[in-house]
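[1] For reference, the sequence and a predicted model appear below.
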Amino acid sequence: MQFQQLQYFVAVAETRHFTRAAELVHVSQPSLSQQIKALERELGAGLFLRARGNITLTDAGEALLPLARRILADADTARHEVQELAQLRSGRVRLGATPSLCTGLLPDVLRAFHDRYPGVRLLIEEGGSHDLVRELARGALDLALVVLPLPTPSPALTTVEVLREDLVVVSSPEAPAPGRGHGRRTVDIADLEGERMVMFRHGYDLRELTVAACRSAGFEPDLAVEGGEMDAVLGFVRAGLGVAVVPRMVAARTGRGLRVTPLARPGLARTIALAHRSDVAPPRAARELQRMLLER
């Protein structure tokens, strides 16, 4: 099995078209087809069903695809690692993070990293913890900042706690202060019963945490608006549509024009961890960013 054959196989699997796949990998279509056939002979199984120009994966092709993608991703990482110059004058880091962490935690750390290593490219992917874990597992990311506990814990990933962050309630200063005792310096989760709330989309870590806290307090949140990412949620709160529960760092960095009310003890917090694959050490540049995140 040759590396080039896996490249051609993945190209066909993703385009579902031999001619377009050949253009994608810059070879002639006959050469690509010959290499695919050679790979099928070596594996002893067909990888594609070809019927009236419609290309679909066989069961063997479906089984090979995630493995081939991971091999190609690992090889790409190895190539970048070897090509890095001394003292991290070049290279890249592929970092995944939830949108709230991109807003609250990362700007200062990435600025410090860029100032120290201006030649290293930073590739940032926003997503929920579940999606980021999947991208890590298939080799598409070097590191990911995720919220613990992971939705699907995996021994294939190593996680290191970075911080425990308090959550706060944000509201429009033009609306009454949240809670039963308006004007209080803190509120309980139970005080949000009856408050109109702005809620993140399904699959968003903060949504699950907030809804679970409300239910533990004995009520279902009254949703005025739901389905947004962080910027949208903050905008809806500023417009007076309701209150929202957000990380303290987000409120401190982007909470201009909002009233910020801490939650009374024991409050509500989330644990942020840095994750990477257990079987492959992150590239050198990623290890340096990891060190800066853990020492922040």
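    Sure thing, it's come through. Numbering: from 1, shown residues only.

[2] so A21 is in which element?
    Applying DSSP states H and E as the criterion places A21 in helix 18-25.

[3] Which positions within that helix qualify as buried?
    The neighbour-count check on helix 18-25 (16 or more other C-beta atoms under 10 Å) flags 18, 21-22, 24-25 as buried. To be clear about C-beta, it is placed using only N, CA and C from the backbone, and glycine gets the same treatment.

[4] Any chance you could list what contacts the lengthiest helix in the chain?
    As assigned by DSSP state H, the longest helix anywhere in the chain is helix 59-83. Residues outside helix 59-83 that contact it (C-beta atoms under 8 Å, 6 or more residues apart in numbering): 3, 6-7, 9-10, 13, 43, 45-48, 57, 90-92, 137-140, 142, 280, 283-284.

[5] Quick one: the strands in the stretch 101-250 of the chain, in order.
    Along the stretch 101-250 of the chain, counting by DSSP state E, counting those that start in this stretch, strands occupy 121-126, 143-148, 157-171, 196-200, 222-228, 244-247.

[6] Deepest in the core, which of these is it.
    When the strands of the stretch 101-250 of the chain are scored by mean count of other C-beta atoms under 10 Å, the highest mean neighbour count falls to strand 244-247 (a mean of 26).

[7] For it, enumerate the helices and strands it packs against.
    With contacts taken as 3 or more C-beta pairs under 8 Å, 6 or more residues apart in numbering; DSSP states H and E, strand 244-247 sits against helix 99-104, strand 157-171, strand 196-200, helix 205-216, helix 230-238.

[8] Neighbouring strands - and their directions - for that strand?
    strand 157-171 (antiparallel) (DSSP bridges).

[9] re earlier: including distance to A275 and mean pLDDT, could the helices and strands packed on strand 244-247 go into JSON lines?
    Listed next are those as JSON lines, based on distance: least, C-beta to C-beta, whole Å; pLDDT from 0 to 100:
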{"stretch": "helix 99-104", "distance to A275": "12", "mean pLDDT": "86"}
{"stretch": "strand 157-171", "distance to A275": "5", "mean pLDDT": "93"}
{"stretch": "strand 196-200", "distance to A275": "21", "mean pLDDT": "95"}
{"stretch": "helix 205-216", "distance to A275": "14", "mean pLDDT": "92"}
{"stretch": "helix 230-238", "distance to A275": "20", "mean pLDDT": "92"}
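
[10] List just the one of these that sits closest to K37.
    Proximity to K37, assessed across the helices and strands packed on strand 244-247 by C-beta to C-beta, is greatest for strand 157-171 (36.9 Å).

[11] Would you mind measuring from E208 to C214?
    Distance, E208 to C214, using C-beta to C-beta, to the nearest Å: 11 Å.

[12] The two: which has the busier surroundings?
    Between E208 and C214, C214 has the larger neighbour count (other C-beta atoms under 10 Å), namely 19 against 16.

[13] so what pLDDT did the closest residue to G128 other than its chain neighbours get?
    Nearest residue to G128, sequence neighbours excluded (C-beta to C-beta, 6 or more residues apart in numbering): G203, at 4.9 Å. The model reports G203 with a pLDDT of 78.

[14] do the same with H182
    Looking at H182, its pLDDT stands at 54.

[15] Surely F200 is in contact with P221?
    No - with contact defined as C-beta atoms under 8 Å, F200 does not reach P221; the gap is 11.3 Å.

[16] what do those two both touch?
    T210.

[17] This structure - how does it break down into domains?
    3-71, 83-163+271-295, 164-268 (automatic domain parsing).
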